[in-house]
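Colleague: using only what follows, build the 3D model:
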Amino acid sequence: MFDLSRLRVLHAVAGHGSLAAAAQALHLTPSAVSQQMAKLEREAGCVLAERQGRRLRLTDEGRVLAAHADRILAAVAEASADLDERRGRVLGEVTIGAFPTAARGLVPAVLRSCAEQYPDLRIRLREVEPYQSLGQVAAGDLDVAVAQDWMNLPVAVPDRLTSTDIGMDYADIALPPGHPLADRTAIALLDLATEPWIASTVGTICYDWLTTTFRRAGHEPRVVHQAAEFPTQLALVAAGLGVAVVPRLAADSVPPGVSLVPVEPVLHRRVFAVWREEADRRPAIRAVVGALKVSFAA
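Modeller: Numbers count the residues shown, from 1 in each chain. I've put the predicted structure just below:
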């Protein structure tokens with residue numbers, strides 16, 4: 001008989017491809033993951049994984065057992081959701097992964113309100129980019145992802161996941177002090193095609209949106225600085241080093257002299273929540289998603 005906790009370890013190794021990444025997702029040490037894998041191999045009576053440099057490649061037997069583990073863990077999660085639904089109480093633990101702006105500007109109010117309303121519910125927050133968070137929900141590393149995509153660059157939601165929109169986050173152009181377009185009531189994005197741009201970092205959806213949008217219009221944006229956080233981008237704009245697109249969820253602290261000008265046509269990104277289908281009936285999931293919508297609308 002296979003130990004359920006060891007099947008979780010195999011599932012994490014299959015999804016992440018290395019002991020270190022699996023250990024981080026499971027909040028274990030790499031040594032503990034290695035020990036659990038060794039015990040599982042003894043239970044299975046065969047080798048389940050082989051090292052390839054820093055990666056860990058599953059053997060054929062490992063892939064077979066990992067596929068069974070995926071179904072077993074999904075069934076266990078569904079059983080837990082059924083019992084939670086029958087009890088009708090908001091309890092247990094929910095791990096939320098949120099992109100940085102939401103982790104700062106949206107989720108803290110959710111944590112506070114849920115702590116006040118549901119004393120038996122424990123929520124943990126991780127700051128995760130959408131490109132990673134959806135896969136982590138599918139793998140069972142997160143219960144809920146707060147993700148975002150842009151109107152012309154949608155993010156595909158993996159199979160077996162459920163999603164709902166939290167709200168639309170409109171964006172403005174941040175212009176430095178004295179910029180000739182600062183007095184306009186609206187700006188077309190392509191009016192700024194030749195401007196120096198301050199963008200999010202390479203590999204994020206916001207960077208991909210900026211470069212894709214301009215390239216589709218036949219322009220290559222001149223990205224002169226990259227910063228992961230919008231407050232840093234705004235500080236660079238305030239220093240006169242370029243312009244930036246700033247969603248309003250991130251515009252809570254605008255430096256003096258920086259002008260935020262609306263975009264025409266309107267520019268926005270969608271903020272949405274994602275969770276596993278088998279957890280759909282958990283009162284805790286419904287409570288967290290509902291609190292996210294209330295927090296966004298506030």
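Colleague: hey, which helix is longest across the chain?
Modeller: Criterion DSSP state H: the longest helix present in the chain is helix 60-87.
Colleague: show the average pLDDT along it.
Modeller: Averaged over helix 60-87, pLDDT sits at 79.
Colleague: ditto for stretch 139-150
Modeller: Averaging pLDDT along stretch 139-150 yields 93.
Colleague: just the C-alpha atoms of it, please, in CSV.
Modeller: Output of stretch 139-150 as CSV, limited to C-alpha atoms (Å, rounded to 0.1, in the frame of the first residue of the first chain):
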residue,chain,number,x,y,z
ALA,A,139,-0.1,20.6,-9.4
GLY,A,140,-1.8,21.1,-6.0
ASP,A,141,0.9,23.5,-4.7
LEU,A,142,-1.6,26.3,-4.4
ASP,A,143,-5.4,26.2,-3.7
VAL,A,144,-6.2,29.6,-5.3
ALA,A,145,-4.3,31.7,-7.8
VAL,A,146,-5.0,35.4,-8.2
ALA,A,147,-3.8,36.0,-11.8
GLN,A,148,-4.0,38.6,-14.4
ASP,A,149,-3.9,38.9,-18.2
TRP,A,150,-4.3,41.7,-20.7
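Colleague: and Trp275, what is it in contact with?
Modeller: Val137, Asp143, Val144, Ala145, Leu161, Thr162, Ser163, Ile285, Val289 (CB atoms under 8 Å, 6 or more residues apart in numbering). Glycine gets a C-beta too; all of them are placed from N, C-alpha and C.
Colleague: inside strands: which ones of those residues?
Modeller: Val144, Ala145, Leu161, Thr162, Ser163 (DSSP state E).
Colleague: check the contacts of Trp275 against Val202 and report the nearest one.
Modeller: For the contacts of Trp275, the closest approach to Val202 (CB to CB) belongs to Ala145, at 21.4 Å.
Colleague: the closest one and Pro176: what is the separation?
Modeller: Using CB to CB, to the nearest Å, Ala145 is found at 34 Å from Pro176.
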